[in-house]
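K.L.:
Below are the sequence and a predicted model; questions follow.
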Amino acid sequence: MSIRRIGSRSGAGTQVPPVRAAARNARIASLPVAFAGRQAAGVGKKALGKSPAAVDHDIRMRTAQHIFEVLGELKGCATKLGQLLSLYELALPPEIASPYRDALTQLQDSAPTMLPATVREAMAANLGENWRWHFGEFDERRAAAASIGQVHRATWRDGRKVAVKVMYPGAHQAVLADLQQLRRISVLATVFAPGADVPAVTEAICTCVAQELDYAAEAEHQRRFAEAYADDPDFVIPAVIAQRGDVIVTEWLTGTPVSRVIESGASEERSRVGMLIIRFLLSTWSRTGLLYCDPHPGNFRVLPDGRLGVVDFGACTPWPPPGFEELVGEVMDAAFNGGIPELDAAIRRHRFVRPGRTYDVAALAEGLDTVGEPLTVPTFRLTIAWLRGHVRSVLAPRLSNVHRQLDMPAYFTPFARCFLTALGVVCQLETEGPLRAEFARWSPELAAVFERYDAAHAQPTDLDIVRHLRSVPTDRRASSVG
């Protein structure tokens, strides 16, 4: 599929992402309809003697390509949905996941490109007709794609190298149209979670994505992070230089994308970077009062000095909400140190099951025992195989699947998005390290849970390192992950 280019309004023959609601809605709605048609046709082919495996593979290939074509044309929040779909792809067996992996890779590489005339038009609309006065140099060619815009290299008038993020023309209307369609088709999610309040969770997702259209808020988020992590030995947040309308100018970061570390980094480096990502995400709300919700590989860079650079602060939300620390402490304590009655009480108290609804709490306890294993040992290695086993069990469409009986409070949605996306990244990195010490370092509630667990299992605690790390001033800490 060729890369689509966005031309100027006067440009003839250019292809643009459809922005009319009717056109976009029809394209998204065609996905489940077409899939149902392929399945029906597949039944006939199997009846005529064609190999079931060959028929199923053909359905997967065609569906994956269709998803890629639709999302690639729509853009808007479609790329965000594609990023979330990538976790689903990681959970599939390799022989089934291949078509989806290929399609998602094409989607990430096929973002529409604004032609120079349109870039100039957008810059003038936001910074004024004399916008070039602000820059010593400005490269009109795209340096990188963003979900609803693109990034250009430039030199600010004082000589600093900068990144200029420009929103696609029509992106506001496009994203809002996508979200309205998402609301309409969200009922399909009840296939996996019939016990959930899908409308409330969908609305929380829509609110989070819509907020990413506000570049003024994004710039303010980034300023807060840059101030909180100034001179940090582990992290670099580029300073915001200017923001006007749908344009943000920030310092340029030169580094290796984490996606490249995933592909070709040495095992030790992958683990180091994975632990840094975990450290950054766990530290954000205690240092900034915000949750960083979009930890996909494209938003991280490994700088030449080894520090982790972080970009794109559109998806941030005030955190933690009231009662979140109690939720962490009570649910995790019940899972690690309590019994079935304690776990059931904690799950109901924090609204992870609807009032009066029955569910298989014993199966949930067994699942939590397994998924919580990384936090019961001093060192653990996260892998795609480990993730695949757990996500497949969560998504299994069996009526007896306890995860289909549970609900998720709407306020928990941003955290779930952050956690699941980050989990996919650190598992792709095959991160190995002291996970539980890092979690305990930033959560006194979890530290107390782990200490009780160690005492009950008569094993030495490894939390002395946590106390040490907390006692050392930030500017004295070494940059290595330990």
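P.N.:
Ah, there it is. All figures in this text were calculated on a predicted structure; none of them were measured in a lab.

K.L.:
ok, now which ones touch the closest residue to residue 283 other than its chain neighbours?
P.N.:
What sits nearest to residue 283 in space, not counting adjacent residues and going by Cβ to Cβ, 6 or more residues apart in numbering, is residue 442, at 5.6 Å. (Each C-beta comes from the backbone N, C-alpha and C, glycine too.) Applying Cβ atoms under 8 Å, 6 or more residues apart in numbering, we find residue 442 in contact with 282-283, 286.

K.L.:
tell me which of these is nearest to residue 304?
P.N.:
residue 283 (22.6 Å; Cβ to Cβ).

K.L.:
any idea how far residue 199 is from that closest one?
P.N.:
33 Å (Cβ to Cβ, to the nearest Å).

K.L.:
per the record, what domains does the chain have?
P.N.:
5-110, 256-482 (automatic domain parsing).

K.L.:
And those, which one averages the lowest pLDDT?
P.N.:
Ranked by mean pLDDT, these bottom out at domain 5-110, with a mean of 57.

K.L.:
ok so, going back, ramachandran coordinates for the residue nearest to residue 283?
P.N.:
phi -100, psi 0 (degrees, to the nearest 10).

K.L.:
Residue 131: neighbour count?
P.N.:
Residue 131: 18 surrounding residues under other Cβ atoms under 10 Å.

K.L.:
Next: residue 249.
P.N.:
24.

K.L.:
Let me see the contact set for it.
P.N.:
134, 154, 156, 162-165, 240-243.

K.L.:
give me the beta-bridge partners of it?
P.N.:
residue 164, residue 242 (DSSP bridges).

K.L.:
Quick check: the gap between it and residue 126.
P.N.:
10 Å.

K.L.:
repeat for residue 218
P.N.:
From residue 218 over to residue 126 (counting by Cβ to Cβ), the distance is 14 Å.

K.L.:
Between these two, which has more neighbouring residues?
P.N.:
residue 218 (21 against 17).

K.L.:
Show the buried residues in the contacts of residue 249.
P.N.:
134, 154, 156, 162-165, 240-241, 243 (16 or more other Cβ atoms under 10 Å).

K.L.:
Between those, which sits nearest residue 272?
P.N.:
Set against residue 272, the nearest of these by Cβ to Cβ is residue 163 (25.1 Å).

K.L.:
Test my guess that the closest one contacts residue 238.
P.N.:
Yes - judged on Cβ atoms under 8 Å, residue 163 makes contact with residue 238 at a distance of 7.2 Å.

K.L.:
between the two, what contacts are shared?
P.N.:
250-253, 311.

K.L.:
okay, these in CSV with secondary structure, neighbour count and distance to residue 222 next?
P.N.:
Below are these laid out as CSV (DSSP: H, G, I helix; E, B strand; the rest coil; neighbours: other Cβ atoms under 10 Å; distance: Cβ to Cβ, whole Å):
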residue, secondary structure, neighbour count, distance to residue 222
250, strand, 25, 7
251, strand, 18, 10
252, coil, 18, 14
253, coil, 16, 12
311, coil, 23, 8
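
K.L.:
what ranges do the strands span in the stretch 351-482 of the chain?
P.N.:
Using DSSP state E, counting those that start in this stretch, the strands assigned to the stretch 351-482 of the chain run over residues 380-381, 432-433.

K.L.:
Direction included, what does the last one pair against?
P.N.:
In the sheet containing strand 432-433, the strands it pairs with under DSSP bridges are strand 380-381 (antiparallel).

K.L.:
Pull the residues that contact the partner strand.
P.N.:
Taking Cβ under 8 Å, 6+ apart as the rule, strand 380-381 contacts 373-374, 430-433, 435-436.

K.L.:
Looking at the residues you listed, which is nearest residue 146?
P.N.:
residue 431 (26.0 Å).

K.L.:
quick one: that closest one from residue 271, how far?
P.N.:
In terms of Cβ to Cβ, residue 431 sits 5 Å off from residue 271.

K.L.:
Pick the most deeply packed of the strands of the stretch 351-482 of the chain.
P.N.:
strand 432-433 (a mean of 21; mean count of other Cβ atoms under 10 Å).

K.L.:
outside of it, which residues touch it?
P.N.:
Residues contacting strand 432-433 (Cβ under 8 Å, 6+ apart): 267, 271, 274-275, 379-382, 481.

K.L.:
among those residues, who's most crowded?
P.N.:
Going by other Cβ under 10 Å, residue 274 tops these with 28 neighbours.
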